[in-house]
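Engineer: Attaching a predicted model along with its sequence, questions to come.
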Amino acid sequence: MDYLAVNRNAWNQRTEIHVESEFYDVNGFLDGNCTLNDIELAALPNVKDKSLLHLQCHFGLDSLSWARRGAKVTGVDLSDAAITKATQLANQTKLDAKFICSDVYSFTEINNHQFDIVFTSYGTICWLPCLKQWAEVIASSLKSGGTFYMAEFHPCYDLIAGYSYFDKSHPDIEEEATYSENAGDETSKVVLWSHAMSTVVNALIGAGLSIKEVNEYPYSPYNCFEGLIETEKGKYVIPHKGNNVPLVFSIKAKKR
Ligand SMILES: C[S@@+](CC[C@H](N)C(=O)[O-])C[C@H]1O[C@@H](n2cnc3c(N)ncnc32)[C@H](O)[C@@H]1O
């Protein structure tokens with residue numbers, strides 16, 4: 001199966017839905033709202049004048065929010081619809097950001113820059129079959145001394161949702177609707193891979209990155225899964241036998 005074609009088609013469909021959604025709130029962004037969460041803002045407090053590569057940037061709201069904070073942004077995504085919308089928003093807001101349509105793994109074939117920061121967040125690695133290859137792309141895209149930062153949904157949630165915590169030899173192939181409130185009945189086929197925390201950490205170490213910090217959070221900043229309960233504004237939890245399930249993890253690493 002051509003998993004890239006299947007997932008590109010799904011993300012092109014999802015982009016059309018997301019652009020119109022309250023979940024993404026494009027008008028709020030155009031009015032000046034920052035779409036980044038406290039988790040990643042605390043981890044990368046100073047991006048001014050830094051070159052920042054955003055892998056799997058979707059239609060660019062987070063990328064453009066980094067640009068508003070002074071970063072010189074390059075966003076990369078598989079979905080041509082997402083990249084078209086991101087480019088349109090960059091032109092409209094006149095922010096310092098450019099967007100490239102590419103599979104993560106092919107990006108090194110068309111890129112000859114190295115960046116101060118490589119960033120990726122929330123719902124990215126499940127679309128990639130091999131994290132060793134992903135980590136090599138990150139390492140080769142960073143300048144020496146550069147920072148990699150990711151905030152991602154925790155694989156413990158996959159377990160709760162009925163998927164594997166651990167990596168498997170085959171992906172899950174699903175027919176599913178998207179997560180924004182306006183999803184309706186429209187579904188698309190998606191191909192997804194499970195990755196354990198150890199797989200992520202070991203892939204980054206294997207690519208030569210030096211891990212500085214790993215954090216886990218008992219909440220999601222997004223209301224995007226079944227069973228979430230909002231306990232504070234913008235913090236959604238899933239209680240399990242009286243305790244909260246870890247829903248997000250983050251990793252900060254440096255290239256030597
Ligand atoms: C959940 S979204 C990214 C989340 C982002 N935080 C957001 O909500 O704006 C996942 C993105 O990964 C992209 N994607 C999936 N597979 C990819 C691949 N192989 N290479 C590059 N981008 C990919 C999709 O097109 C989609 O835009």
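Structural biologist: Thanks, I have the structure now. Quick caveat, the model's predicted, so the values are computed rather than measured.
Engineer: Okay, and Gln133 sits in which element?
Structural biologist: Using DSSP states H and E, the element containing Gln133 is helix 131-141.
Engineer: Paired strands for the helix or strand following that helix, with orientation please.
Structural biologist: Counting by DSSP H and E, the next helix or strand C-terminal to helix 131-141 is strand 142-153. Looking at strand 142-153 with DSSP bridges, its partner strands are strand 115-121 (parallel), strand 248-255 (antiparallel).
Engineer: In JSON lines, list those strands along with distance to the ligand and mean neighbour count.
Structural biologist: The C-beta positions use only the backbone N, C-alpha and C, and glycine is treated the same way. Below are the strands paired with strand 142-153 laid out as JSON lines (distance: least, C-beta to the nearest ligand atom, whole Å; neighbours: other C-beta atoms under 10 Å):
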{"stretch": "strand 115-121", "distance to the ligand": "5", "mean neighbour count": "23"}
{"stretch": "strand 248-255", "distance to the ligand": "12", "mean neighbour count": "20"}
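Engineer: With mean pLDDT as extra columns, can I get those in a markdown table?
Structural biologist: Shown next, in a markdown table, are the strands paired with strand 142-153 (pLDDT from 0 to 100):
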| stretch | mean pLDDT |
| --- | --- |
| strand 115-121 | 98 |
| strand 248-255 | 98 |
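Engineer: TSV please, covering those strands and showing distance to Cys57.
Structural biologist: Converted to TSV, these look like this (distance: least, C-beta to C-beta, whole Å):
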stretch	distance to Cys57
strand 115-121	8
strand 248-255	17
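Engineer: What distance do you get for the nearest residue to Ile238 once chain neighbours are set aside to the ligand?
Structural biologist: Sequence neighbours aside, Val245 is the residue nearest to Ile238 in space, at 4.5 Å (criterion: C-beta to C-beta, 6 or more residues apart in numbering). Distance, Val245 to the ligand, by C-beta to the nearest ligand atom, to the nearest Å: 19 Å.
Engineer: count of neighbours near Val245?
Structural biologist: Residues within reach of Val245, counting by other C-beta atoms under 10 Å, total 18.
Engineer: Asp31 too?
Structural biologist: 8.
Engineer: what about the strands in this protein?
Structural biologist: Listed in chain order, the strands of the chain (DSSP state E) span 51-55, 72-77, 97-101, 115-121, 142-153, 172-176, 188-192, 209-217, 229-232, 235-237, 239-240, 243-244, 248-255.
Engineer: is the ligand contacted by stretch 195-203?
Structural biologist: No: Stretch 195-203 is not in contact with the ligand by C-beta under 6 Å from any ligand atom; minimum separation 13.4 Å.
Engineer: What is the distance between that stretch and the centre of its chain?
Structural biologist: Here the centre of stretch 195-203 is set off from its chain's centre by 16 Å, with C-alpha atoms, centre = their mean, to the nearest Å.
Engineer: What are the contacting residues of that stretch?
Structural biologist: Here stretch 195-203 makes contact (C-beta atoms under 8 Å, 6 or more residues apart in numbering) with 125-126, 131-132, 134-135, 150, 152, 154-155, 165-167, 211, 214, 249, 251.
Engineer: Show me what counts as buried in that stretch.
Structural biologist: 195-197, 199-201, 203 (16 or more other C-beta atoms under 10 Å).
Engineer: buried set for stretch 63-80?
Structural biologist: Quick answer for stretch 63-80 (16+ other C-beta under 10 Å): 63-69, 71-79.
Engineer: Could you do stretch 36-43 as well?
Structural biologist: Per 16+ other C-beta under 10 Å, stretch 36-43 contains these buried residues: 36-37, 39-40, 43.
Engineer: Stretch 142-159 now?
Structural biologist: Of the residues in stretch 142-159, those buried (16+ other C-beta under 10 Å) are 142, 146-158.
Engineer: bridging residues for the residue nearest in space to the middle of the chain?
Structural biologist: Closest to where the C-alpha atoms of the chain average out (C-alpha atoms, centre = their mean) is Ser121, at 2.9 Å. Residues in a beta bridge with Ser121, per DSSP bridges, are Ala151.
Engineer: That one contacts Asp62, correct?
Structural biologist: Yes: using C-beta atoms under 8 Å, Ser121 makes contact with Asp62 at a distance of 6.5 Å.
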